[in-house]
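# Kindly generate the corresponding structure for this input.
(one chain, ligands or ions: 1)
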Amino acid sequence: MNKLTATDFLQRAQKYHSRLIEIRRTIHANPELAYEEHETSALARGVLDELGVETKSIAKTGVLGKLVGGTDGGCVALRADMDALPIHEETGLPFASQKPGVMHACGHDAHTAMALGAAMILSEIRESIPGTVKFFMQPSEELLPGGAPAMIAEGALESPPVEAIFGQHVLPLREAGQLGFFSGTMMASADELYITITGKSGHAAIPHTALDPIVTAAEIVVGLQKIVSRNLDPFDRGVVSITMIEGGHTTNVIPDDVKMKGTMRAMNEEWREYAHRRIEEIVDGVCKANGAEYELEIRKGYPALSNHPASTEFAWSGARELIGSNQVFQAEPMMGAEDFAYYLQKVPGTFWWIGAGTPEQGCVAGLHNSRFTIDENILPVGAAMLAWTAYRYLDIWLRGTDKK
Ligand code: NI
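Next up, the predicted model:
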């Protein structure tokens, strides 16, 4: 059997360019929030069925596709998230959201289209594929606890067991179609903080008869700053931010309580747990010193996303073959969170960025912005990259020459 080359994949992907634009625009015009992706998953399932990919429903509104190759081999998974955001679109595009207040502002419309494009390419070359490619059309990336844990709990990584998983995300304000990789921890864990400080209200002119929760809250805000500045290795990354304070209503009354909210980001589990303890100690200590009561809730979000070095190196070298070294870049770690992290806790794999375009290419705003859009020239590139990575992984796996 003739070996397929990177060029074969790009050429095959280009054939589907207009189809992928049509799919992306259909999804874009009909955005659906987390666990409401009924039409999006029906569309995805329809395309996969048409290609002869086995499909089944998973994780409420998700679809699991399974493409069985011509010969025996390993199993690799490609993941796309499908949900939109509660944002009112202001792009003015002809295919803009038809649902007020709901928008694909994180590129999940493009992720879905590109994964379906990969399925189109791989089903064309099915006979040459040694093994199985699974398509994880995942719901609810944007809403805690995330669709990924549900996919895993319902067996997406089993029968046959997934040996590696790959996924991608659009990256705004970066040349369209460039691919960015990072080996190691690339994205942060994200936990939410909810604190209520209870004191005793009273006349502001006789503070000694009251118990002022505002002063206590202020001390807590300052105290929490020390977790990153004093309890984190300066070479590491972390964030503790209080983002909301609410208490009192006028000039001459000390209120009963103050409510605070915030976020905490970490790049490793050890420090994450340690910082949780420090938050509790600081809130507890400051409240004790002031005689105030408190309630503290740390709501755990997604874990940090750690790309496996060997899989990252593997996909990275494939990207160089596909689009040339000058189009491939080393990504920077960032403090955003992504539920793809859960898959990477279970199986090797990597998550890469695909440039969504510069302002000159039409991408004028960042993710989760009401004016976010992508350069649609990236669609065949992302589809080819997913398909090429899956094929290459299985091919090399089967031959056993470079098992990663
Ligand atoms: Ni996203």
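# I'd guess E332 is in a strand, am I close?
No: judged by DSSP: H, G, I helix; E, B strand; the rest coil, E332 forms no part of a strand; its state is coil.
# Apart from its neighbours in sequence, what residue is nearest it?
Closest residue to E332 apart from its sequence neighbours, by C-beta to C-beta, 6 or more residues apart in numbering: F182 at 7.2 Å. For the C-beta atoms, the positions are set from N, CA and C on the backbone; glycine is no exception.
# The one you found and P333 touch, don't they?
Yes: in terms of C-beta atoms under 8 Å, F182 counts as a neighbour of P333; the distance is 6.2 Å.
# Looking at these two, which one has more neighbours?
Using other C-beta atoms under 10 Å as the criterion, F182 and P333 rank with F182 on top: 22 against 16.
# Spit out the contact partners of that one.
Residues near F182 by C-beta atoms under 8 Å, 6 or more residues apart in numbering: N307, T312, Q330, A331, E332, P333.
# Is it possible to mark the buried ones in those?
Listed as buried from the contacts of F182 are N307, T312, A331, P333; burial here means 16 or more other C-beta atoms under 10 Å.
# wait, the second one sits on T350?
Yep, that's T312 we're talking about. Yes: in this structure T312 lies within contact range of T350 using C-beta under 8 Å: 4.2 Å.
# which SS class is the nearest residue to V328 once chain neighbours are set aside?
Using C-beta to C-beta, 6+ apart and skipping the chain neighbours, the partner closest in space to V328 is A319 (4.8 Å). Assigned by three-state DSSP, the conformation of A319 is helix.
# if we can go back for a sec, just the pLDDT for the residue nearest to E332.
The model reports F182 with a pLDDT of 98.
# ditto for R399
Value listed for R399 in the pLDDT field: 63.
# okay, which residue is most central for this protein?
Taking C-alpha atoms, centre = their mean, the centroid of the chain lies closest to E338, which sits 2.8 Å from it.
# wait, doesn't it sit right on T185?
No: using C-beta under 8 Å, E338 is not in contact with T185, being 11.8 Å away.
# From G202, how far out is G262?
27 Å (C-beta to C-beta, to the nearest Å).
# E158 now?
Here the criterion is C-beta to C-beta. By it, E158 lies 61 Å from G202.
# on that earlier part again, just confirm the residue nearest to V328 contacts G177, I think it does.
No: applying C-beta under 8 Å, one finds A319 not in contact with G177, separated by 10.6 Å.
# Now list whatever residues contact both of the two.
Q327.
# of the two, who's got more company?
Set side by side, A319 and G177 give different neighbour counts by other C-beta under 10 Å, the larger being at A319 (25 against 21).
# Contact partners for the more buried one?
L179, F181, Q327, V328, W352, M385.
# Between those, which sits nearest Y16?
Relative to Y16, the closest of the contacts of A319 is M385; by C-beta to C-beta it sits at 13.6 Å.
# The helix or strand encompassing that closest one packs against which elements?
In the assignment (DSSP states H and E), M385 maps to helix 378-399. Helix 378-399 sits against helix 6-15, helix 17-29, strand 71-81, helix 108-124, strand 130-138, strand 164-172, helix 309-323, strand 349-357, with contacts defined as 3 or more C-beta pairs under 8 Å, 6 or more residues apart in numbering; DSSP states H and E.
# quick one: low-confidence ranges for the stretch 201-350 of the chain?
Across the stretch 201-350 of the chain, nothing is flagged by pLDDT under 70.
# how about the strands in it?
202-203, 238-247, 253-254, 257-266, 293-299, 305-307, 328-330, 349-357 (DSSP state E, counting those that start in this stretch).
# And the ones you listed: which comes nearest S128?
strand 349-357 (22.3 Å).
# Would you format the contacts of F182 as TSV with distance to A275 included?
Conversion of the contacts of F182 to TSV gives the following (distance: C-beta to C-beta, whole Å):
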residue	distance to A275
N307	22
T312	27
Q330	28
A331	25
E332	22
P333	17
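# now, the most widely separated pair of those?
Using C-beta to C-beta, the contacts of F182 span at most 14.2 Å, a distance reached by T312 and E332.
# what's the angle from the helix holding M385 to strand 349-357?
Computed with axes from the mean of the first three to the mean of the last three C-alpha atoms, to 10 degrees, the direction of helix 378-399 lies at 160 degrees from that of strand 349-357.
# hmm, back to that, what's the closest of the strands of the stretch 201-350 of the chain to G70?
The stretch from the strands of the stretch 201-350 of the chain with the least distance to G70 (C-beta to C-beta) is strand 349-357; that distance is 23.8 Å.
# helices or strands up against that closest one?
For strand 349-357, where contacts count as 3+ C-beta pairs under 8 Å, 6+ apart, the packed elements are strand 164-172, strand 179-181, strand 305-307, helix 309-323, helix 340-346, helix 378-399.
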